[in-house]
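A.B. asks: How does the following fold in three dimensions:
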Amino acid sequence: MKILAVDSSSKTAAAALLEDGTLVAESLARTDTHSAVLLPMIEDLLKAAKTALGDVGLMAVTVGPGSFTGVRIGVSLVKGLAFADRIPCVGVSTLEAMAYNFAGVRGLVVPVLDARRETVFTAVFHTGEDGSVTRLTEDAQLPVAELMTRLADYPDEPVFFAGDAADAVLARPDCPGNAAFTPLRLRTQSAFGAGIRAYEIYTAPDAVPDDFTDAALVPSYLKKSQAERERDERIAAAAKNNG
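C.D. replies: The predicted model follows:
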């Protein structure tokens, strides 16, 4: 089965084409204009791989957490492409997709994406030399200091940080001593992990076909947008003044 995977949840726009679990082609670029870059990237990727969109049997996309705008663009694009050609599509946690880049490396993988105000989007995964990826915690938005405290519960494994906040976390004085060097290639988001995880979800024995339609594909932000937070703050301030 050919799988087309997309990740636009950070400053990296990425696309990958897989044949089951094997990478066929991929492309990525740092950009602030995902809406202008992503579709041409997919078209060029398919052309280079001599693959038509109609040959794709499954689409995958990271659904968050991450940039609100980036996630919306990626999800909307995949929904549109999947609807037009009736292609099943799977939404994958951005953090889980990043962890799958480390499949085959033994240790703890801790993706960290900048969520502002000294917080990160994060989760903890265990990866094994056999290619296994096991989720240990749910996706969450945490203060960085709290994450450092939680990682003290895992002293016996190398810890690999990935994501756009990895360098800042590694520079902290309270960073765990078992933090390991993470090559830039693994630290950078790509769409490959999303494709691998999506294939697992889609082919699971308990998979439900209705879960893989364009209508069922939705973002997972974990927090309110800035506009929503500002609205809530205005409402709270107005209530306080009126009280």
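A.B. asks: quick one: contacts for the spatially most central residue of the chain?
C.D. replies: Nearest residue to the geometric centre of the chain (C-alpha atoms, centre = their mean): residue 94, 1.4 Å. For residue 94, the contact set (C-beta atoms under 8 Å, 6 or more residues apart in numbering) comprises 7, 9-10, 62-66, 71, 111, 113, 121, 189. (Each C-beta comes from the backbone N, C-alpha and C, glycine too.)
A.B. asks: now swap in residue 86 and tell me
C.D. replies: If you count contacts by C-beta under 8 Å, 6+ apart, residue 86 has none.
A.B. asks: coming back round to it: looking at the contacts of residue 94, which are in strands?
C.D. replies: 7, 62, 111, 113, 121 (DSSP state E).
A.B. asks: Give the bridge partners for the residue lying closest to the fourth one once chain neighbours are set aside, please.
C.D. replies: Which is residue 113. In this structure, residue 113 finds its nearest non-sequential neighbour in residue 121, 4.3 Å apart by C-beta to C-beta, 6 or more residues apart in numbering. The partner list for residue 121 in beta bridges (DSSP bridges) reads residue 113, residue 141.
A.B. asks: Show me the strands in this protein, by range?
C.D. replies: 2-7, 12-19, 22-30, 58-62, 89-92, 107-116, 119-122, 125-127, 133-135, 140-143, 159-162.
A.B. asks: Tabulate these (TSV), appending mean pLDDT.
C.D. replies: Listed next are those as TSV, based on pLDDT from 0 to 100:
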stretch	mean pLDDT
strand 2-7	98
strand 12-19	96
strand 22-30	95
strand 58-62	98
strand 89-92	98
strand 107-116	96
strand 119-122	97
strand 125-127	97
strand 133-135	97
strand 140-143	96
strand 159-162	97
